[in-house]
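1. just need the structure, nothing else, for what follows:
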Amino acid sequence: MDRITFHHDTVLSDVHMLRPNARHLMTRLNSVGQPVFISKFKILSVGERPDDKDPEKGVPEAGVGHEPKKEDEKVSQSQDGEDGGEVGGEPFLDEDGDFHITHRPRTNLPERNSRDLVCPIILQQADPELEPEEEHSEDEDDQAFDDIIKIEHTMATTLEDVGKQVWRGAFLLADFILSSPDMFRGATVLELGAGTGLTSIVMATICKTTFCTDVGADLLSMCKKNVTLNRHLMEAAGGDVRVRQLDWLQHDLCTDADVEFSWTEEEVEDMYNTTEIIIAADVIYDDELTDGLFRTLYRLGSSFSHRCSVFISIEKRMNFTLRHMDVSCDAYNHFSRCLSQLEALQDGRCSFTVQQLPTHFSQFLLYDRTEQLELWKVTSTPTPPERTPPPESACGSSLNAEPPTPHVPIHRSC
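-> You can find the predicted model right below:
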């Protein structure tokens, strides 16, 4: 394999596409035969971060901040026709009769093209008998640094395997965590749809315990590998990451000791009793999974005896659709409807409030923070029990009753 092959159903994250001058080296093949790459992401220091005090800095407002052209520059452009206008009152045309537009030369160009073809190179094949520490030699270029996060991931996957890639929503949520450490310090956190585990790793540098959850043995194995690769970051803060399986389309947690990534009874009890923070990064892309996410959020919120804050990062991906004959984002629209219906839900067990948070906090990781990236906060609050106890018959029947299902998603009754 000397070249990545793209098919009609291939999905590739912008994080992988737009890393300038990055060499994507393949380290191994996973258990299903997919090439696995490793990337390093630097946590920016104060002097390296973009200016978080003025997010609009460098983007002049309409009619403001544009320096007037010098007179000699105007004359030169008018004579040469370099701004695509007219020369001597006549349009400047090429030999085919099309308007000829000469673009102003860009400055500070890199010495070489940053869009080189991605040519993965197999460094080694993974040996299942080797421990994670032995699979990667710690040479001078692969040492553990306190400001470097190393993530194994795949590239150019089908939609079903996008969790194995790194997405900008994970960076946005990681920035929010690093910008508000007091909010998460010492907490028990549950991440839903953790993917490669990047956000859980960042969270574990601050909080006490992180339950890093997703579904699929191969994905969870990759996530566990990334936790091991970045163990030095979490040990310094005393954080603990536990990679566990949590399927949004299933009602119960797996506690079978013979199943990999299953929960222990103690972990289940600890998660329900102490979890105050739930996070999810860039998990909104399929309506059925969005339905499952909101069902899971409802089941958790209605089971907690305490208030819980949910932080969801999302990137709106706009597409032109024949159905609308316009640019739209159906996945985001469905997500918005689910938020509204969850907030309007009244079942006597818990209530939910929804709030969109600003995203002008500091940027600790290098990525393109576009206006399509959003951060939402959902707060679940248990409803205080009524002072007058219900009749014994009703009370007895309600002990083992299933919680009522909110009418949140529309594909299935939730």
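
2. can you map out the strands along the stretch 201-350 of the chain?
-> Under the criterion DSSP state E, counting those that start in this stretch, the stretch 201-350 of the chain contains strands at 209-214, 240-245, 275-281, 308-315, 319-321, 326-328, 350-357.

3. which elements pack onto the fourth one?
-> Contact analysis of strand 308-315 by 3 or more CB pairs under 8 Å, 6 or more residues apart in numbering; DSSP states H and E lists helix 168-179, strand 275-281, helix 287-303, strand 373-382 as its packing neighbours. C-betas here are computed from N, CA, C, even on glycine.

4. the same query, at a cut-off of 6 Å, please.
-> Helices and strands touching strand 308-315, by 3 or more CB pairs under 6 Å, 6 or more residues apart in numbering; DSSP states H and E, are helix 168-179, strand 275-281, strand 373-382.

5. adding mean neighbour count, mean pLDDT and distance to Gly216, write these out as a markdown table.
-> As requested, the helices and strands packed on strand 308-315 are arranged in a markdown table below (neighbours: other CB atoms under 10 Å; pLDDT from 0 to 100; distance: least, CB to CB, whole Å):
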| stretch | mean neighbour count | mean pLDDT | distance to Gly216 |
| --- | --- | --- | --- |
| helix 168-179 | 24 | 97 | 17 |
| strand 275-281 | 22 | 98 | 16 |
| strand 373-382 | 18 | 97 | 25 |
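
6. closest to Leu190 out of those?
-> Nearest to Leu190 among those is strand 275-281 (4.9 Å), distances taken as CB to CB.

7. who touches the closest one?
-> 169-170, 173, 187-193, 199, 308-313 (CB atoms under 6 Å, 6 or more residues apart in numbering).

8. so who does Glu260 touch?
-> Under the criterion of CB under 6 Å, 6+ apart, the contact list for Glu260 is empty.

9. please report phi then psi for it.
-> phi -70, psi 140 (degrees, to the nearest 10).

10. low-confidence regions, the stretch 301-414 of the chain specifically.
-> For the stretch 301-414 of the chain, the stretches with pLDDT under 70 are 320-322, 324, 386-414.

11. kindly check the end-to-end length of stretch 159-167 for me.
-> End-to-end distance for stretch 159-167: 13 Å, by CA to CA, to the nearest Å.

12. kindly report the same for stretch 206-215.
-> End to end - CA to CA - stretch 206-215 spans 25 Å.

13. now the helices for this structure?
-> Taking DSSP state H, the helices of the chain run over residues 14-17, 71-80, 132-135, 168-179, 181-184, 198-204, 217-229, 231-235, 265-274, 287-303, 330-344, 392-398.

14. ok, the residue lying closest to His334 once chain neighbours are set aside - how many residues close by?
-> Nearest-residue entry for His334: Asp287, 4.9 Å, with adjacent residues in sequence omitted and distances by CB to CB, 6 or more residues apart in numbering. Counted with other CB atoms under 10 Å, residues neighbouring Asp287 total 18.

15. does Cys223 touch Arg242 like I think?
-> No: when contacts are counted by CB atoms under 6 Å, Cys223 is not listed as touching Arg242 (10.8 Å).

16. Phe294 touches Arg337, doesn't it?
-> No: counting by CB under 6 Å, Arg337 is not a contact partner of Phe294; they are 10.0 Å apart.

17. overlap in contacts, the two.
-> In contact with both Phe294 and Arg337: no residue, using CB under 6 Å, 6+ apart.

18. these two: which is more packed in?
-> More neighbours surround Phe294 than the other of Phe294 and Arg337, with 23 against 15 (other CB under 10 Å).

19. tell me the pLDDT at the more buried one?
-> With respect to pLDDT, Phe294 scores 97.

20. and it, how far from Arg49?
-> 34 Å (CB to CB, to the nearest Å).

21. do the same with Leu233
-> Taking CB to CB, one finds Leu233 at 18 Å from Arg49.

22. so for the two, which residue has more residues nearby?
-> Ranked by neighbour count (other CB under 10 Å), Leu233 and Arg49 place Leu233 first, with 22 against 15.

23. ok, Pro382 touching Phe352?
-> No: using CB under 6 Å, Pro382 is not in contact with Phe352, being 11.0 Å away.

24. can you get me a residue count around the closest residue to Glu374 other than its chain neighbours?
-> Nearest residue to Glu374, sequence neighbours excluded (CB to CB, 6+ apart): Ile314, at 5.3 Å. Ile314: 24 surrounding residues under other CB under 10 Å.

25. Ile314 and Leu375 touch, don't they?
-> No: in this structure Ile314 lies outside contact range of Leu375 using CB under 6 Å: 7.9 Å.

26. any stretches of the stretch 101-250 of the chain with poor pLDDT?
-> Scanning the stretch 101-250 of the chain for pLDDT under 70 picks out 101-144.

27. who are the contact partners of Tyr285?
-> Taking CB under 6 Å, 6+ apart as the test, what Tyr285 contacts is Ala331.

28. quick one: pLDDT of His16?
-> Per the predicted model, pLDDT is 73 at His16.

29. do you know how far it is from Val310?
-> For His16 relative to Val310 (CB to CB), the value is 28 Å.

30. now swap in Tyr332 and tell me
-> Counting by CB to CB, the gap from Tyr332 to Val310 is 17 Å.

31. next: Cys254.
-> From Cys254 to Val310 the distance is 22 Å (CB to CB).

32. who has more neighbours, the two?
-> Val310 (21 against 16).

33. my guess is the more buried one contacts Val378. True?
-> Yes: applying CB under 6 Å as the test, Val310 and Val378 come out as touching, 4.1 Å apart.

34. one step back: which of the helices of the chain sits closest to Thr154?
-> Short answer: helix 217-229, nearest of the helices of the chain by CB to CB, at 8.0 Å.

35. need the CA coordinates for that closest one. PDB is fine.
-> Provided in PDB are the C-alpha atoms of helix 217-229 (Å, rounded to 0.1, in the frame of the first residue of the first chain):
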ATOM      1  CA  ALA A 217     -14.200  -3.900  20.400                       C
ATOM      2  CA  ASP A 218     -11.800  -2.600  17.700                       C
ATOM      3  CA  LEU A 219     -12.500   1.000  18.400                       C
ATOM      4  CA  LEU A 220     -12.300   0.500  22.100                       C
ATOM      5  CA  SER A 221      -9.000  -1.200  21.700                       C
ATOM      6  CA  MET A 222      -7.600   1.800  19.800                       C
ATOM      7  CA  CYS A 223      -9.000   4.100  22.500                       C
ATOM      8  CA  LYS A 224      -7.300   2.000  25.300                       C
ATOM      9  CA  LYS A 225      -4.100   2.200  23.300                       C
ATOM     10  CA  ASN A 226      -4.300   6.000  23.200                       C
ATOM     11  CA  VAL A 227      -4.900   6.100  26.900                       C
ATOM     12  CA  THR A 228      -1.700   4.100  27.400                       C
ATOM     13  CA  LEU A 229       0.300   6.300  25.100                       C
END
